[in-house]
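Novice: Can you look at this prediction? I've put the sequence above it.
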Amino acid sequence: MNIETITEQALKLEPALRAYIAEILLESLDYEEDFVVSEAWRQEIQKRCKEIDTNPSLLIDGEQFMDKLKTRYL
């Protein structure tokens, strides 16, 4: 299977699955971190990522969030 075929097949997947594959691919890259993260923060980040992976409906669009804030506080 070549890269074009893999890409075509991946683009046919639903958005959540494409995001999951993208996340795995990005995590697999060998890169140096720009900043040091404490173990406590690393665990919190991993916990939140798992929550999002488990229930992506918890996420809301940034514009929706700002509209809610404006409605509530203005």
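Specialist: Received, thanks.
Novice: which regions of the protein sit below the pLDDT cut-off?
Specialist: Residue ranges of the chain with pLDDT under 70: 30-34.
Novice: With only the CA atoms kept, save stretch 66-74 in CSV.
Specialist: Provided in CSV are the C-alpha atoms of stretch 66-74 (Å, rounded to 0.1, in the frame of the first residue of the first chain):
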residue,chain,number,x,y,z
MET,A,66,-17.5,33.0,23.7
ASP,A,67,-21.2,33.5,22.9
LYS,A,68,-22.2,31.8,26.1
LEU,A,69,-19.8,34.0,28.1
LYS,A,70,-21.1,37.1,26.5
THR,A,71,-24.7,36.1,27.1
ARG,A,72,-24.0,35.3,30.7
TYR,A,73,-21.8,38.2,31.7
LEU,A,74,-22.7,41.1,29.4
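Novice: what does it contact?
Specialist: Outside of stretch 66-74, no residue comes within contact range by C-beta atoms under 8 Å, 6 or more residues apart in numbering. Every residue, glycine included, has its C-beta placed from N, CA and C.
Novice: Quick one: name whatever helix or strand follows the lengthiest helix in the chain.
Specialist: Longest helix in the chain, counting residues (DSSP state H): helix 39-54. Going down the chain from helix 39-54, the next helix or strand is helix 62-73, by DSSP states H and E.
Novice: Which of the residues in stretch 45-52 are classified as buried?
Specialist: Across stretch 45-52, burial judged by 16 or more other C-beta atoms under 10 Å covers no residue at all.
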